[in-house]
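Asker: Here's a sequence, model it:
(2 chains)
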Amino acid sequence: MRRGAVQACASVAASAALLAPSSGAAQAVLTVTARGNVPASCAIGATQNFTPANLNAPGSAQAKAVISCNQFFRIRATSARGALRSTTPAAGALTNALPYDLRLDVALDDGGVSATCPSAQLLAGQTSCLLSPASPTGLTSAGQIATNRTTTVTISWALPAAPAALVPGSYSDTITLALAAIP
Amino acid sequence: MKKLVLIALALGAAAPAMAQNVNTTFTVNGTVAGKCTIATGGTFAINGTGAISTDSTGALTGTNTGTSAPVLATCNAAGAQINVSKVALVHNDATLTDTAFNTKTINFDAKATIGGVDYAEGQDRALGVVNGNLTVTASNLSTSGGLRPYAGSYSGTITVTLKPGA
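Answerer: Now for the predicted structure:
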């Protein structure tokens, strides 16, 4: 009777071992992916306009703008009149238009880029210069971005060759810089 | 008659113990191994929509955070531990490189929360027996030196390891 009981005990113990979870530590691992997107943010603002220019002699004038863009970008320029122009009518050898060159020096977070175009190629629809409004590429930031960087806008002019001359009066033009993020 | 009865009693006292009850005790032993479980992970978006907030200069603001959907987590051991680790958010465009001003890496603080208790990243921490919802949170997004992050899509991971202990 006692021997039989011992055999029963061994049998129960074996069953208990089979029912227990497998030995060894069972750790659990969870990996969760976090996703986010930094939106493209580009801004350009004039910080210094052109000072009145003396058009009685060759010269230049500067304006400044600040660019912040966290993505690569391109910039183009549009001239409203294609030259500095007066409302005074031209007469004979006296002209009321003074073409100029526009140069942009765009400071970037690392270095800068620049381009120069004649004002006639900055009229709407023009494509032939890097800064032209319809230029296929525009002046690109060359793989850089800009954070509160100053762009210097320089116009320079030469007087008409004699016997041509400018009619007296006020001359003006409006230059618009357009910045677009490159996707 | 009375004498005969006395003999019978004497015989009873001298008989073997065949009719007595006897007992013995056996012990049944078993073990349950420590074990932890977590449901499958997934993906969550910073600020719910994925849009990471920057200020007018392109620098990260201090308000960016994101929390995963809850999943069930269990541990049956009093000595269970939890470990939280992370991989920073990295821009999905591998061709980008960091400059002196811009970066493609966004760091963050990671934590796991189980049953309302937060567990910060960085080392094994006491957990104990748990059976409840687990969430992970990314917060305090920042860049090294305050560099401006490139625009675009970023992804990183938070890994939670539940260890049942020795």
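Asker: Name the SS class of the closest residue to residue B:43 other than its chain neighbours, please.
Answerer: Sequence neighbours aside, residue A:33 is the residue nearest to residue B:43 in space, at 4.4 Å (criterion: Cβ to Cβ, 6 or more residues apart in numbering or on different chains). All C-beta atoms are positioned from the backbone trio N, CA, C, and that covers glycine. Per DSSP: H, G, I helix; E, B strand; the rest coil, the local secondary structure of residue A:33 is strand.
Asker: can you give me the helices in chain B?
Answerer: B:2-14 (DSSP state H).
Asker: if we can go back for a sec, any idea how far the residue nearest to residue B:43 is from residue B:108?
Answerer: 13 Å (Cβ to Cβ, to the nearest Å).
Asker: Equivalent analysis for residue A:104, please.
Answerer: With Cβ to Cβ as the criterion, residue A:104 and residue B:108 are 38 Å apart.
Asker: beta partners of the residue most central in space within chain A?
Answerer: In chain A, the centroid-proximal residue (Cα atoms, centre = their mean) is residue A:73; its distance is 3.2 Å. Residue A:73 forms beta bridges with residue A:181, as assigned by DSSP bridges.
Asker: Help me confirm that it comes into contact with residue A:140.
Answerer: Yes - counting by Cβ atoms under 8 Å, residue A:73 touches residue A:140, with 7.3 Å between them.
Asker: Need the residues touching each of these two.
Answerer: Each of residue A:182 lies in contact with both residue A:73 and residue A:140 under the rule Cβ atoms under 8 Å, 6 or more residues apart in numbering or on different chains.
Asker: Now do residue B:104: how many residues are near it, please.
Answerer: Residues within reach of residue B:104, counting by other Cβ atoms under 10 Å in any protein chain shown, total 22.
Asker: what pLDDT does the nearest residue to it once chain neighbours are set aside get?
Answerer: Spatially, and ignoring its direct neighbours in sequence, residue B:104 is nearest to residue B:91 (3.7 Å; Cβ to Cβ, 6+ apart). On the pLDDT scale, residue B:91 is placed at 96.
Asker: Could you check how far residue B:91 is from residue A:36?
Answerer: 10 Å.
Asker: any chance you could map the strands in chain B?
Answerer: B:36-38, B:43-45, B:65-67, B:71-75, B:81-91, B:102-103, B:105-114, B:117-120, B:125-126, B:130-142, B:148-149, B:152-163 (DSSP state E).
Asker: For residue A:52, which of these is the nearest?
Answerer: Between residue A:52 and the strands of chain B, the shortest gap by Cβ to Cβ is with strand B:148-149, which sits at 37.1 Å.
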